[in-house]
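> Predicted model follows, preceded by the sequence.
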Amino acid sequence: MSRPRPVRAVRRGARRGRERLTGVLEQRYPTVAVTGMTGVGKTELVDHLTGRAGSSTTGEVGSAVMERRALRGRRMTGFRFRVVPGENAATRLSALDEVFHDEPVDGVLHVVADGLATGRRPAGISGPAPVDRDAQRAAELEDWTVTAHRVAAMAVRRSRPTWLIVVVTKADLFADRVDDVVRSYSPGSGTPFGDRLDELRALAGGAGLSVDVLPVCSHLDDESAVDPEQRDTYLAALERRMAQLSGHL
């Protein structure tokens, strides 16, 4: 007749089981922070990556961070996206701290638009808002500077490498110079944004943070506004790179 297992041993076994399950889920569904200033297309991008264009968002009670999850393929792998709002400075800073400190992420999609972020008018005023492209580029750089500090602080304390993809949206609006624009957001480019990336990699350690820069189109919901083949090619390249970085391929 076997002896009953002590309660403490049962609890230890249950805890180890939960930890193993959590590890499997984290590997299959790595957490990805989606950052960037307002109007660059963060929400639209994630809606299309998750196949939920036009759907309502899933948020957390008491949190400014929007969350979505995408299932990918028959291997049941995907990503848990945490979208940081860009509108209100105080809310954005609080959300950045929540994402990068309270629950460190596995990867980051930082979205920029080469100064073409959609302008927002004050409440009650209709019509498109005028956009000063140079001012928007300056705002992008300021936004990234704030975000980069959080990314660096997280990367140095993570036990495994973290990846970053700078996603350049609205590529269809500068189709004849996509390569030049992508290069301007790349490490070693000598541009203000590139210099900030170089500083980030130095702080985080070269082996601890990989950096890619990839373009996507704007107007992802409007078939008439963009070449569908080019749009799908860009999105597929982004998804493929995320899968590679996360060990899904």
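Alright, I've got the coordinates.
> all helices for the protein, in order.
Taking DSSP state H, the helices of the chain run over residues 7-28, 42-49, 89-97, 133-157, 178-184, 192-204, 228-245.
> buried residues in the last one?
In other words, helix 228-245. Q230, R231, Y234, L235, L238, E239, R241, M242, A243, L245 (16 or more other Cβ atoms under 10 Å). Placement of C-beta: from N, CA and C, glycine included.
> Just give the number of residues close to I165.
19 (other Cβ atoms under 10 Å).
> What residues does it make contact with?
G107, V108, L109, H110, V211, D212, V213, L214, L238, R241, M242, L245 (Cβ atoms under 8 Å, 6 or more residues apart in numbering).
> if we look at the sheet, which residues does it bridge to?
L109, D212 (DSSP bridges).
> per-residue confidence for it?
I165 is assigned 97 on the pLDDT scale.
> For Y185, see how far away it is.
I165 sits 11 Å away from Y185, taking Cβ to Cβ, to the nearest Å as the criterion.
> any shared contact partners between those two?
With contacts defined as Cβ under 8 Å, 6+ apart, the residues shared by I165 and Y185 are V213.
> Pick the most buried one from the helices of the chain.
helix 42-49 (a mean of 22; mean count of other Cβ atoms under 10 Å).
> got the angle for that one vs helix 228-245?
90 degrees (axes from the mean of the first three to the mean of the last three Cα atoms, to 10 degrees).
> Rounded mean pLDDT for helix 42-49, please.
89.
> again, but for stretch 191-208
Mean pLDDT, stretch 191-208: 86.
> and what of stretch 104-112?
Stretch 104-112 comes out at a mean pLDDT of 91.
> CA atoms only for that stretch, dumped as PDB, please.
Provided in PDB are the C-alpha atoms of stretch 104-112 (Å, rounded to 0.1, in the frame of the first residue of the first chain):
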ATOM      1  CA  PRO A 104       9.200  42.400 -20.100                       C
ATOM      2  CA  VAL A 105       8.500  41.500 -23.700                       C
ATOM      3  CA  ASP A 106      10.300  39.200 -26.100                       C
ATOM      4  CA  GLY A 107      10.300  41.600 -29.100                       C
ATOM      5  CA  VAL A 108       9.400  45.100 -30.100                       C
ATOM      6  CA  LEU A 109       7.700  46.500 -33.200                       C
ATOM      7  CA  HIS A 110       8.400  50.200 -33.200                       C
ATOM      8  CA  VAL A 111       6.300  51.900 -35.900                       C
ATOM      9  CA  VAL A 112       7.400  55.100 -37.700                       C
END
